[in-house]
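# have a look; sequence and predicted model below, questions after that.
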Amino acid sequence: MNIDQLETTLSADGSAVMEVLDKAGVAMLNEQGVPVTITLLGKDSDAYKQRSNQIDDRRYAAGARLKLTAAGLKADAASILAKATVSWTGIDDECTYENAVKLYSRINAIREQVDLFIGDRANFSKASA
């Protein structure tokens with residue numbers, strides 16, 4: 001096996017569809033019976049890594065002046081997940097970066113599902129693409 005075969009970024013830049021689950025672990029449907037899904041890029045994708053690096057660079061540049069807060073960390077996490085969001089179904093609001101930030105900032109259960117999903121490289125394997 002060579003190094004190119006070990007590369008995960010190529011498959012992570014492809015998207016995968018996540019079904020949104022309710023608190024009972026059942027796939028959610030909207031009022032019209034359409035499944036609620038979110039199409040995502042993986043943590044190895046260029047979009048995810050670029051946004052994560054921008055946040056890290058901002059923090060490093062602030063140096064000792066940086067005051068980390070729980071709210072600030074959660075906002076940064078929502079921003080990164082929003083950059084990895086490609087589209088969604090079953091949600092009336094248009095899938096934009098701003099609406100994705102709003103979704104992940106307001107609904108912890110969905111933010112946690114998305115974070116777990118994009119962190120699982122198997123969801124973005126070439127076999128599942």
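Happy to help now that I have it. These numbers were taken from a predicted model, which means no experiment stands behind them. Residues are numbered from 1 along each chain as shown.
# and for P35, the neighbour number?
13 (other C-beta atoms under 10 Å). Where you see a C-beta, it was placed from the backbone N, CA and C, and this is true even at glycine.
# list the contacts of it.
Residues near P35 by C-beta atoms under 8 Å, 6 or more residues apart in numbering: E19, A27, M28, L29, T89, G90.
# how close does Q54 sit to N99?
Taking C-beta to C-beta, to the nearest Å as the measure, Q54 and N99 are separated by 20 Å.
# which members of the contacts of P35 occur in strands, if any?
E19, T89 (DSSP state E).
# just the buried ones from the contacts of P35?
M28, G90 (16 or more other C-beta atoms under 10 Å).
# which two in the contacts of P35 are spaced the farthest apart?
For these, the farthest-apart pair by C-beta to C-beta is A27 and T89; their separation is 11.7 Å.
# overlap in contacts of the two?
Residues touching both A27 and T89 (C-beta under 8 Å, 6+ apart) are P35, V36.
# burial measure for K23, as a count.
Neighbour count of K23, defined by other C-beta under 10 Å: 7.
# quick one: contacts for the residue nearest the centre of the chain?
Nearest to the geometric centre of the chain sits L81, at 3.2 Å (C-alpha atoms, centre = their mean). For L81, the contact set (C-beta under 8 Å, 6+ apart) comprises A100, Y104, R111, V114, D115, I118.
# turn those residues into TSV, including neighbour count and secondary structure.
Shown next, in TSV, are the contacts of L81 (neighbours: other C-beta atoms under 10 Å; DSSP: H, G, I helix; E, B strand; the rest coil):
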residue	neighbour count	secondary structure
A100	25	helix
Y104	24	helix
R111	17	helix
V114	24	helix
D115	17	helix
I118	25	helix
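# on that earlier part again, closest to R59 among the contacts of P35?
Among the contacts of P35, and counting by C-beta to C-beta, the member closest to R59 is E19, at 33.6 Å.
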